[in-house]
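Undergrad: Next comes the sequence, and after it the predicted model I'd like to discuss.
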Amino acid sequence: MHVSDGVIDAIGNTPLIRLPRLSTAIGREIYAKAEHLNPGGSIKDRAAKYMVLEAEKDGRLKPGGTIVEGTAGNTGIGLAMVALARGYKALIVMPNNQAAEKYTYLHALRAELVTVPPTKFADQAHFYHTARRLAEERNARGESAFWADQFENEANARAHYATTGPEIWRAMDGRVDALVLSSGTGGTIGGTSRYLKEQDARVRVVLADPAGSGLYSFVKRGEWKSEGSSITEGIGIMRSTANFRQGKIDDALFVSDQKMIDMAHWLLAHEGLFVGTSAALNVWAAATVARGLPAGARVVTFICDGGQRYQSRVFDEAWLKEKGLTPKATELDAILAA
């Protein structure tokens, strides 16, 4: 057993879990990369580690400095954890409509937290621009601030090309029929799909996308269009990022919030997996893609984070009822029906 030298060294090398009941039911093998078992509780720990270590190496992050980032929460949590481990401060900017558990976690990690109203990316009040501006202001005052810029900082995708992709390839003994996952910054799909396609060009890569995002439309038709909105957090976007452009993507699937909620509750009841919104969306899409492949096909997806971060929402009956998202389907065939 590997002994990690500190919390940062413990990031990555997460288990790849076969979902036995789901796999048996559909006659295809579904595997989920258990990224919720990273030290900070999400897949974003990988990007946080690589962005910080690369910034240290090239001098953008100086001793005693502040790491600044705009995030839906998970990258901020990863960065705040890495900041404590490496002796930095963290300033995290978030929309004010995310799950309360994320704010609580960031406060516990001693991060300075700034919340802003959710708005379109073109608005300079958007969390992305606010984080950039706060970093610039601190540097102008002579303070040392590093804006991580997870959307355009390609250390994000490099983390997944260097670690996530190879881990999957080794665990699957080089036999992967499809990779199915959602995208936010584009780092995971960018780095992982590129690595797997380089090993075997036949690996089918399918993007899973929620309402309110333009990625599905972009992949399918080359145009940025979206409809509605989603309760998912940290996935879906209306622009192409430097990290996303590294991806090798063959197709896309749209996943409704109702399908995602139904799958989240099915996974808890039948697989014992307590997962977040993007993970449930990923598994629904992975199972849907798998059913279109030959029997015995092997499909990999991601548990991006755990359900603990959404317990007051996704697993709260009153909140779900208010949103009109009370779990409806309990049988797998009904959940997977288009």
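TA: Ah, there it is.

Undergrad: now the strands for the stretch 101-250 of the chain?
TA: With strands called from DSSP state E, counting those that start in this stretch, the stretch 101-250 of the chain shows them at 112-116, 145-147, 178-181, 204-209.

Undergrad: Distance from the second one to the middle of the chain?
TA: Between the mean C-alpha location of strand 145-147 and the chain-wide mean there is a distance of 22 Å, by C-alpha atoms, centre = their mean, to the nearest Å.

Undergrad: Equivalent analysis for the last one, please.
TA: Averaging C-alpha coordinates over strand 204-209 and over its chain gives two centres that are 14 Å apart (C-alpha atoms, centre = their mean).

Undergrad: That one - contacts with which helices or strands?
TA: Other elements packing on strand 204-209 under the criterion 3 or more C-beta pairs under 8 Å, 6 or more residues apart in numbering; DSSP states H and E are strand 178-181, helix 187-199, helix 215-221, strand 251-254, helix 277-291. (C-beta placed from N, C-alpha, C; glycine too.)

Undergrad: Isn't residue 39 up against residue 9?
TA: No - with contact defined as C-beta atoms under 8 Å, residue 39 does not reach residue 9; the gap is 9.5 Å.

Undergrad: what about these two, which has more around it?
TA: residue 39 (19 against 14; other C-beta atoms under 10 Å).

Undergrad: and that one, helix, strand or coil?
TA: State at residue 39, reduced to three classes by DSSP: H, G, I helix; E, B strand; the rest coil: coil.

Undergrad: Next up, the contacts around it.
TA: Neighbour list for residue 39: 7, 10, 11, 45, 81 [criterion: C-beta atoms under 8 Å, 6 or more residues apart in numbering].

Undergrad: now swap in residue 83 and tell me
TA: By C-beta under 8 Å, 6+ apart, the neighbours of residue 83 are 52, 67, 89, 90, 109, 111.

Undergrad: can you redo the residues you listed as TSV with pLDDT?
TA: Compiled in TSV, those are given as follows (pLDDT from 0 to 100):
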residue	pLDDT
52	98
67	98
89	98
90	98
109	98
111	98
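
Undergrad: Could you export these as CSV, including neighbour count and distance to residue 33?
TA: Below are these laid out as CSV (neighbours: other C-beta atoms under 10 Å; distance: C-beta to C-beta, whole Å):
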residue, neighbour count, distance to residue 33
52, 24, 22
67, 26, 26
89, 18, 31
90, 25, 26
109, 20, 24
111, 24, 26
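
Undergrad: now, which of those residues lie within helices?
TA: Members of these lying in helices (criterion: DSSP state H): residue 52.

Undergrad: and the gap between the closest residue to residue 327 other than its chain neighbours and residue 316?
TA: Sequence neighbours aside, residue 265 is the residue nearest to residue 327 in space, at 4.5 Å (criterion: C-beta to C-beta, 6 or more residues apart in numbering). The gap separating residue 265 from residue 316 is 12 Å, by C-beta to C-beta, to the nearest Å.

Undergrad: So the two - more neighbours on which side?
TA: Ranked by neighbour count (other C-beta under 10 Å), residue 265 and residue 316 place residue 265 first, with 21 against 12.

Undergrad: Am I right that that one falls within a helix?
TA: Yes - counting by three-state DSSP, residue 265 is located in a helix.

Undergrad: which residues in this structure form helices?
TA: Along the chain, the stretches classed as helices by DSSP H are 20-26, 44-58, 74-86, 100-108, 127-140, 155-159, 165-171, 187-199, 215-221, 257-271, 277-291, 317-322, 332-336.

Undergrad: counting contacts, what elements does the fifth one pack onto?
TA: It stands for helix 127-140. For helix 127-140, the packing partners by 3+ C-beta pairs under 8 Å, 6+ apart come out as strand 66-70, strand 89-95, strand 112-116, strand 145-147.

Undergrad: Would you mind finding the most buried of those strands?
TA: Of all the helices and strands packed on helix 127-140, strand 66-70 carries the top mean neighbour count, a mean of 27, counting by mean count of other C-beta atoms under 10 Å.
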